[in-house]
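*Asks:* Let me see the structure of the following:
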Amino acid sequence: MKYLFLFICSAFFFACAIKPTQYKVTGDLTFKSVSLTNYHVATEAQYQDVVKRIDAALANPEKYKNSMELVRFLADMEKHKISTAAEIFLYVDTDSIMRVYLSEKAYEKIKHFNYRDLQREQKKVVLQLDIIQKEKYLFYAEDIISVKKVDGVSKINGRAMKFISN
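*Replies:* Residues are numbered from 1 along each chain as shown. Below you'll find the model as predicted:
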C-alpha cells in the first residue's frame, strides 16, 4: 500500500512537472536589432564553440556568476534542441514582446518579411501561432496558423521608428 501511494504521488508529480503548456497567441511581428540567443545562421564551428562555453560555465558557475542567467537560458535551449531554431519577436500587448523560436517549416512562411520594406509600405505582419511553452521564458512554434500583412506600423526593438532614406 505504501508503495502504491508513493507510485501515484510520483506519477502525479512528473505528469505536472514535465508537461509543456500549449496555447494560441496572436501578435505583430516585430524586429530586434541585436539578439544574443540566435544561432540560426551560425556555422557548425561557431555553434560548437557556444556549446563548449555553456558547458564550461555550467561546470564552474562561480567563475561565470555574472552571466549564469543567460547560460541557463542557453542550456535550456540546448536541452529542448532549439538552439539553432529561427527566432522571432511578437508584440503581443501594449508593452509585451514575446520571443518565439520556430521550426524551419514555420520560418519559411515569414522569412521574406523585412523591416525596411514593411516601413516603406506602411504595413505590419500579424501572426497567429500555436505556441508550446518549453520553460518559463522559452516558447516554440512548430507551425504558424496564419500570416496577415495589414496596414499599420512595424516595430523594431519594441517601438515604432521612422525609416529615414535619402
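*Asks:* Secondary structure class of the residue positioned nearest the centre of the chain, three-state.
*Replies:* For the chain, the residue nearest the mean C-alpha position is Val100 (2.8 Å; CA atoms, centre = their mean). Reduced to three states with DSSP: H, G, I helix; E, B strand; the rest coil, the structure at Val100 is strand.
*Asks:* And it, how far from Pro61?
*Replies:* As for Val100, its distance to Pro61 is 28 Å (criterion: CB to CB, to the nearest Å). All C-beta atoms are positioned from the backbone trio N, CA, C, and that covers glycine.
*Asks:* returning to that earlier point: beta partners for the residue nearest to the centre of the chain?
*Replies:* Ile88, Phe139 (DSSP bridges).
*Asks:* from memory it sits against Leu90, does it?
*Replies:* Yes - using CB atoms under 8 Å, Val100 and Leu90 qualify as a contacting pair, with a distance of 6.0 Å.
*Asks:* what is in contact with those two at once?
*Replies:* The contact sets of Val100 and Leu90 overlap at Leu129 (CB atoms under 8 Å, 6 or more residues apart in numbering).
*Asks:* Pull the number of nearby residues for Asn60.
*Replies:* 10 (other CB atoms under 10 Å).
*Asks:* do the same with Val153
*Replies:* 14.
*Asks:* related to what we said a few turns ago, ok, the residue nearest to the centre of the chain - contacts?
*Replies:* 87-90, 129, 131, 139-141 are the contacts of Val100 under CB under 8 Å, 6+ apart.
*Asks:* Now tabulate the residues you listed in TSV and tack on neighbour count.
*Replies:* Conversion of the contacts of Val100 to TSV gives the following (neighbours: other CB atoms under 10 Å):
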residue	neighbour count
Glu87	18
Ile88	27
Phe89	20
Leu90	24
Leu129	25
Ile131	19
Phe139	23
Tyr140	23
Ala141	24
